[in-house]
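Colleague: Output the structure for:
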Amino acid sequence: MENFHEYRSVWEHGELMERLRRIRHVALDMDGTIYMGMSLFPYTQAFLRGLREQGIGYSFLTNNPSKCIDDYLHKLATLGIEATRDEMYTTALATIDYIKAHYPAARRLFLLGTPSMISEFEAAGFESCADSADDVPDVIVAAFDMTLQYDRLCRAAWWVKQGVPYIATNPDRVCPTDLPTVLVDCGSICACLEHATGRRPDITLGKPDPNMLSGILARHGLQPSEIAMVGDRIYTDVQMAHNAGAMGVLVLSGETTLDVADKADPQPHITADSIEVLGKLLREAHR
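Modeller: Residues are numbered from 1 along each chain as shown. Next up, the predicted model:
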């Protein structure tokens, strides 16, 4: 789109300021939004500090289930961000909550996931099935598995073919990275399983499922108009905001380019170069 400078909005400036004044909480995607890989963006600390100074709360949401909560907190601490368990929500936790609600008798899971993720499920009371035709799972969970082994992928395909309940933690095709590689994410792993078996997941959790925001809304007593969902992807972060009736802010610091953003329908409520620009807008709104 022509004449883009730092940001654009679907609202005129006056309405944008009014809507930003209502924001009491910011839900932040992580990779591609506050950091890239192991590199914290230089403006992230100042952005978080600005939120605290304005009395605006924040939470970290991620579609990446490859790490348990403690690992994420350790990573954030390594990058210089002190956070609490209550400020974190991952798709692994969303999947655990979903299985407990919809498959209350399920105990044994075939998990395509990292050891860190598997530890989160085991801490919640589940058992991880072995790669054996004799170890029948109650539910299959496919996730972003950076330790993926071919034999386990084949075993997962077998159980999918047998009709075992099948859940995907998130729809992401790739994971953002600052390395010279493509990190194949859960959505692409599920596409492989679909091509082999003809079956899609029974449900795909994570963003854009609006339930990823429901816990934050309930925990803080918020209305959807009082929370802004900020992330670098239209098809997960921004779409979830639309699905939940929240403000959707796209930042161009990760996966999505301005050319891609131009074609989005519906448009993000705000498209900005980075959270640094969003911080400036919030300060302007709260003067």
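Colleague: what's the burial count for the residue nearest to Leu252 when sequence neighbours are not counted?
Modeller: Closest residue to Leu252 apart from its sequence neighbours, by CB to CB, 6 or more residues apart in numbering: Asp273 at 5.5 Å. In this view, the C-beta of every residue, glycine as well, is placed from N, C-alpha and C. Using other CB atoms under 10 Å, Asp273 has 15 other residues around it.
Colleague: just checking, Asp273 touches Glu6?
Modeller: Yes - at 5.3 Å, Asp273 counts as touching Glu6 under the criterion of CB atoms under 8 Å.
Colleague: Quick check: buried residues in the helix or strand Ala196 falls within?
Modeller: Counting by DSSP states H and E, the element that carries Ala196 is helix 186-197. Neighbour-count burial for helix 186-197 flags 186-190, 193, 197 (criterion: 16 or more other CB atoms under 10 Å).
Colleague: Now distance to Ile203 and pLDDT too, for these, in JSON lines please.
Modeller: Converted to JSON lines, those look like this (distance: CB to CB, whole Å; pLDDT from 0 to 100):
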{"residue": "Cys186", "distance to Ile203": "13", "pLDDT": "97"}
{"residue": "Gly187", "distance to Ile203": "13", "pLDDT": "96"}
{"residue": "Ser188", "distance to Ile203": "18", "pLDDT": "98"}
{"residue": "Ile189", "distance to Ile203": "16", "pLDDT": "98"}
{"residue": "Cys190", "distance to Ile203": "11", "pLDDT": "98"}
{"residue": "Leu193", "distance to Ile203": "14", "pLDDT": "98"}
{"residue": "Thr197", "distance to Ile203": "16", "pLDDT": "98"}
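Colleague: And the strands in the stretch 51-200 of the chain?
Modeller: Secondary structure of the stretch 51-200 of the chain (DSSP state E, counting those that start in this stretch): strands at 57-62, 88-90, 108-112, 127-128, 139-142, 166-168, 174-175, 183-184.
Colleague: looking at the ones you listed, which is buried most?
Modeller: Comparing the strands of the stretch 51-200 of the chain on average neighbours per residue, with mean count of other CB atoms under 10 Å, the densest one is strand 139-142 at a mean of 26.
Colleague: Give me the sheet partners of that strand and which way each runs.
Modeller: Sheet pairing of strand 139-142 (DSSP bridges) gives strand 108-112 (parallel), strand 166-168 (parallel).
Colleague: Lowest-scoring secondary structure element of this protein by mean pLDDT?
Modeller: One helix or strand of the chain scores below all others by mean pLDDT, DSSP states H and E: helix 211-220, with a mean of 82.
Colleague: send the alpha carbons of the helix or strand following that helix over as CSV?
Modeller: Next along the chain after helix 211-220, taking DSSP H and E as the criterion, comes strand 227-231. The C-alpha coordinates for strand 227-231 follow below in CSV (Å, rounded to 0.1, in the frame of the first residue of the first chain):
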residue,chain,number,x,y,z
ILE,A,227,-7.4,-6.3,25.0
ALA,A,228,-5.1,-6.0,22.1
MET,A,229,-3.7,-9.1,20.5
VAL,A,230,-0.3,-8.3,18.9
GLY,A,231,1.6,-10.6,16.6
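Colleague: just the angle between strand 227-231 and helix 211-220, please?
Modeller: 140 degrees (axes from the mean of the first three to the mean of the last three CA atoms, to 10 degrees).
Colleague: Show me what counts as buried in strand 227-231.
Modeller: Here strand 227-231 shows 227-231 as buried, counting by 16+ other CB under 10 Å.
Colleague: Present these as TSV; the columns should include pLDDT and distance to Gly80.
Modeller: Formatted as TSV, the buried residues of strand 227-231 follow (pLDDT from 0 to 100; distance: CB to CB, whole Å):
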residue	pLDDT	distance to Gly80
Ile227	98	25
Ala228	98	23
Met229	98	24
Val230	98	19
Gly231	96	21
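Colleague: For Met36, state which of those is nearest.
Modeller: Nearest to Met36 among those: Gly231, at 13.1 Å, using CB to CB.
Colleague: pLDDT on stretch 58-75, on average?
Modeller: Average pLDDT, stretch 58-75: 92.
Colleague: and what of stretch 148-164?
Modeller: In the prediction, stretch 148-164 has an average pLDDT of 98.
Colleague: And the pLDDT at the residue located most distally from the centre of the chain?
Modeller: Farthest-out residue of the chain from its mean C-alpha position, per CA atoms, centre = their mean: Asp134, at 34.1 Å. Asp134 is assigned 97 on the pLDDT scale.
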